[in-house]
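**Student:** Structure, please.
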Amino acid sequence: MSMPALPEASDLAGQWTIAEGSRTCRLTLTTRPAGRDHAVEADRACLEQLGLGAVVAWRPASDGIGLAAAGGRTIAFLSRRPDGAHALSRPGRADLVLRRG
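**Tutor:** Numbering: from 1, shown residues only. This is a model prediction of the structure:
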């Protein structure tokens, strides 16, 4: 079984929403460098409510999208779903779901 190809950052860049239940934040995945990753533009206070306040960067993966802190530490990895969204299941919390738009 082969791994899917690594998507280009430019294919994933743009406006997204990330939600935990009814809480939703808007964020922009940019192609602007942030260390070895790409910069994220978002309302930090909103992301904090989702437990993601330290997210400043992102990186594409063959099976999803990684959200990272300054220095590159992965904070959350959202796996690609068949419907085009990306999701992370977290014990004791609602799933995080990342969708375009």
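
**Student:** switch to C-alpha atoms for all contacts and neighbour counts from now on
**Tutor:** Noted.

**Student:** which residues touch Glu41?
**Tutor:** Neighbouring residues of Glu41 by C-alpha atoms under 8 Å, 6 or more residues apart in numbering: 27-30, 56.

**Student:** What of Ala9?
**Tutor:** 31, 59-60.

**Student:** Take those residues and lay them out in TSV including secondary structure.
**Tutor:** Listed next are the contacts of Ala9 as TSV, based on DSSP: H, G, I helix; E, B strand; the rest coil:
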residue	secondary structure
Thr31	strand
Arg59	strand
Pro60	strand
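
**Student:** Please report which of those has the highest neighbour count.
**Tutor:** Arg59 (24 neighbours; other C-alpha atoms under 10 Å).

**Student:** Quick check: that one touching Ala39?
**Tutor:** No - using C-alpha atoms under 8 Å, Arg59 makes no contact with Ala39, being 9.0 Å away.

**Student:** buried stuff in the biggest helix by length in the chain?
**Tutor:** Ranked by number of residues, the top helix in the chain under DSSP state H is helix 44-49. By 16 or more other C-alpha atoms under 10 Å, the buried positions in helix 44-49 come out as 44, 46-47.

**Student:** That one - contacts with which helices or strands?
**Tutor:** Judged by 3 or more C-alpha pairs under 8 Å, 6 or more residues apart in numbering; DSSP states H and E, the packing partners of helix 44-49 are strand 23-34.
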